[in-house]
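>>> the sequence and its predicted three-dimensional model are supplied below.
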Amino acid sequence: MKKRIFIVCYLLGILLTGCNSSLPADDPPEEVSAYSSNSPQEDVPYYEDIKGSSLSGDIPENLMTVSKAQEMFGGIGFSDYAKENVDTATSYTATTEASTLSLKADDNEVVTNIKFTTKMNPLENALKEINCFLSIASGQDLSPEEQTSIKEIFSDTQKENTDVNSVKLNDQVFLLWADTKNQQYSVIWE
């Protein structure tokens, strides 16, 4: 009887030892790219070390950096940016005769917010500026229907003094409103 118990324990020991050796070892940690899916906002590309990443050239093209935004909007007159540190963000502001462009960026110079503001000239003049900004920001020419829709939104907003409205262009949402108190139209792209 003692032999059977000993044999059973011995076989059980061999079995358990064999199981332990056949378990997969912990995988070595993969090299972590600077690009992280742990972004503060869902569906927003996020880099933990954008400066280090820019050296390796692995930044996705759809990630908006300050330099890309400045280059993108340079064609419509926004060239000299004033830099100001505000809390945890950095603000870059450029002006033309009729408009102001503000870029807010995190410590890694990833743009988190773009605000375009133009004076309330006659609505038709302001719409030329707004449509130009939206064309560049969305990466497409605005169709006549989209231009009419934007005009109606601003007209209604101005008449009704409502809060923010939005328009979706090329899968991007832009917030629009008329600030009658300060006599200006604004577009925000977050």
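Ah, there it is.
>>> pLDDT below threshold where in this protein?
1-62, 158-163 (pLDDT under 70).
>>> phi and psi next, for residue 138.
phi -90, psi -10 (degrees, to the nearest 10).
>>> so what's it up against?
169, 170, 172, 174 (CB atoms under 8 Å, 6 or more residues apart in numbering). Any C-beta I mention is one placed from the backbone N, CA and C, and that applies to glycine too.
>>> do that again at 6 Å, thanks
169, 170, 172 (CB atoms under 6 Å, 6 or more residues apart in numbering).
>>> secondary structure for those residues - can I get that in CSV?
Formatted as CSV, the contacts of residue 138 follow (DSSP: H, G, I helix; E, B strand; the rest coil):
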residue, secondary structure
169, strand
170, coil
172, strand
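>>> between those, which is nearest residue 180?
residue 169 (24.5 Å; CB to CB).
>>> how much space separates the closest one from residue 181?
27 Å (CB to CB, to the nearest Å).
>>> which one's more surrounded, those two?
residue 169 (19 against 7; other CB atoms under 10 Å).
>>> please name the nearest non-neighbouring residue to that one.
residue 138 (3.9 Å; CB to CB, 6 or more residues apart in numbering).
>>> check residue 129 too.
Nearest to residue 129 is residue 118, by CB to CB, 6+ apart, at 4.5 Å.
>>> again with residue 96
In space, residue 96 is closest to residue 77, 4.2 Å off (CB to CB, 6+ apart).
>>> is the one you found in a helix, a strand, or coil?
Reduced to three states by three-state DSSP, residue 77 is coil.
>>> would you mind measuring from it to residue 116?
Taken as CB to CB, the span from residue 77 to residue 116 is 12 Å.
>>> of those two, give the one with the bigger neighbour count.
The neighbour count for residue 77 versus residue 116, taken as other CB under 10 Å, is higher for residue 116 (25 against 16).
>>> does that one have beta-bridge partners, and which?
residue 101, residue 187 (DSSP bridges).
>>> my guess is it meets residue 134, correct?
No. Look at residue 116 against residue 134 with CB atoms under 6 Å: they stay out of range, at 8.4 Å.
>>> who's in contact with the residue nearest to residue 79 when sequence neighbours are not counted?
Counting by CB to CB, 6+ apart, residue 79 lies nearest to residue 94, which is 6.5 Å off, once chain neighbours are set aside. Taking CB under 6 Å, 6+ apart as the criterion, residue 94 is in contact with 78, 80, 81, 101.
>>> many thanks, I have nothing further to ask.
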